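Peer 1: can't give you the sequence, but here's the structure:
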């Protein structure tokens, strides 16, 4: 499975635009997002469709199908949830100091 081409990224543009709006993520190269200094999410394409590899647990990449709007919405919701949990954990650690 190859990394997503420029054409594939254009087809995923609505999802990528929403990911770019998340302040906790940095897009270092087109379609490759980092959280802090670690790779967090990137896209692939193959004949079966589009996929995102994401480290929602911040440790291991897991593959998510993102060919349909519903699949893209589900991934975005999972990403936001993951980042929200990470932020609240960071706040909890900071307030306990």
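Peer 2: On my side now, so go ahead. Just so it is clear, the model here is predicted, and its values are computed rather than measured.
Peer 1: just for this protein, where's the confidence low?
Peer 2: 89-97 (pLDDT under 70).
Peer 1: For the helix or strand containing residue 79, list every residue counted as buried.
Peer 2: Element membership of residue 79, judged by DSSP states H and E, is helix 69-95. Using 16 or more other CB atoms under 10 Å as the test for burial, helix 69-95 gives 71-72, 75-76, 79, 82-83, 86. Using the backbone N, CA and C atoms, a C-beta is placed for each residue, glycine as well.
Peer 1: name the helices or strands packed onto it?
Peer 2: Judged by 3 or more CB pairs under 8 Å, 6 or more residues apart in numbering; DSSP states H and E, helix 69-95 is in contact with helix 13-20, strand 49-54, strand 62-65.
Peer 1: and that helix with strand 49-54, angle?
Peer 2: If you take axes from the mean of the first three to the mean of the last three CA atoms, to 10 degrees, helix 69-95 sits at 10 degrees to strand 49-54.
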